[in-house]
Structure formats: structure tokens, C-alpha cells
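Novice: okay, structure incoming, though there's no sequence with it:
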């Protein structure tokens, strides 16, 4: 079996942090692997490693490491996945809220949500936008402001923050996968 490693990005204490091929992992190890993972939530990950999906991790890498460290620490002490996951999300959210860009976006959102949508919308996929508008979007902003676990995409029937009649696809989703989603 091929190793999923793309590159080592560093160490945090005794833990090694790797960017990995998330597509390979979803195809061969666990279809639910998105964004990041550690040993206690994905037993195929070595105990001394944290994994970041190359497709989703670059802009959010710092936040995912904070999340993983919290989850790993709690689960290694016997805390349930659900409790560790919730605490990890709290830590991640607090870290995101420290960023200047978050504060600026929050002010925009409070004044007029339209301006935030302009920042979120990156590119309209006209070819697929006959009845619904299909947008490539800035997922980092969505995770910062609306839903920390937003992954890959969604629509207004699932996420109340997405305007009616729109489908959003995170810009971090590979172009190849966007074509598959759009044509099915």
C-alpha cells in the first residue's frame, strides 16, 4: 500500500505533523477523513503523528493543529471522542477569533451581510448555474464566521447561512472533484 504522506511540516512536542494525501486516504483507508486527524480518532494514523489533508489544510493549518492537539490530549486521557471533538472545536474557534481578518469580517457581517458574501463568493460556475447558483467559495471565511466544521460544500437546505438557491463548493476541493460533483 502507498504511503499517504506528502510532506512533513514540523513537530509539536513529540508529535510529528504531516500534510497527507486526503484523496488517497478517503479512497483506501477511511472515506470520512476530511481536513485533519490523529491516532485516537483514526487508528490507522501512527500514535506520534498529526495529519493535515493537503486539499483542505493550507489556510487553516494552524487551527487544525490546535484542534488536533486538544483532541489528542483529551482522548489519550480516556475522554470520549464527542467531548474531545467539542473541546477541540472551542479551542479552534477561539484561535480563529484572535485573527485580525476575523474581526474585520465580523464587523462587515454585523453591518451588512452582503459584503461578507462578496468576500465568500470567489467564482460563479456559470456552466452549472441554470436553476441554482453554484459558487466556488472561500471556505476559511465560512469556518471563521459561520460553521467551524464546514467541509467541501453545501446548500441552503443544509446550512441556514447559505442564501436560498445557492450551492457552495470550498475552493480547497480539487478541480477534479468539483467536476465529479458538478456532473453527478
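Specialist: On my side now, so go ahead. Please read all numbers here as calculations on a predicted model, not as lab measurements.

Novice: what is the burial count for residue 44?
Specialist: For residue 44, the count of nearby residues is 13 (other CB atoms under 10 Å). Every C-beta, even on glycine, is put in place using the N, C-alpha and C of the backbone.

Novice: state the distance from it to residue 51.
Specialist: 10 Å (CB to CB, to the nearest Å).

Novice: my guess is residue 18 is in a strand, correct?
Specialist: Yes - per DSSP: H, G, I helix; E, B strand; the rest coil, residue 18 lies within a strand segment.

Novice: quick one: contacts for it?
Specialist: Residue 18 makes contacts with 5, 6, 7, 8, 9, 49, 50, 51, 52, as judged by CB atoms under 8 Å, 6 or more residues apart in numbering.

Novice: show me how to select, in PyMOL, the buried members of those.
Specialist: With 16 or more other CB atoms under 10 Å as the criterion, this PyMOL line picks the buried residues out of the contacts of residue 18:
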select buried, resi 6+49+50+51+52
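
Novice: now, the contacts of residue 18 that are in strands?
Specialist: Assigned to strands by DSSP state E, the following of those qualify: 5, 6, 7, 8, 9, 49, 50, 51, 52.

Novice: what's across from the closest residue to the fourth one other than its chain neighbours in the sheet?
Specialist: Same thing as residue 8. Closest residue to residue 8 apart from its sequence neighbours, by CB to CB, 6 or more residues apart in numbering: residue 18 at 5.4 Å. In this entry, residue 18 is beta-bridged to residue 8, residue 51, by DSSP bridges.

Novice: still on that earlier bit, ok, the ones in strands among the contacts of residue 18 vs residue 83, which is closest?
Specialist: Minimum distance to residue 83 across these is 19.1 Å, recorded for residue 50 (CB to CB).

Novice: so the closest residue to residue 47 other than its chain neighbours versus residue 59, what's the distance?
Specialist: In space, not counting the residues next to it along the chain, residue 47 is nearest to residue 39; the distance is 4.5 Å by CB to CB, 6+ apart. Distance, residue 39 to residue 59, using CB to CB: 25 Å.

Novice: looking at these two, which is more packed in?
Specialist: Set residue 39 next to residue 59 and count neighbours by other CB under 10 Å: residue 39 wins out with 19 against 15.

Novice: just checking, that one touches residue 68?
Specialist: No - taking CB atoms under 8 Å as the definition, residue 39 is not a contact partner of residue 68, at 9.9 Å.

Novice: tell me how many other residues crowd residue 12.
Specialist: Using other CB under 10 Å, residue 12 is surrounded by 14 other residues.
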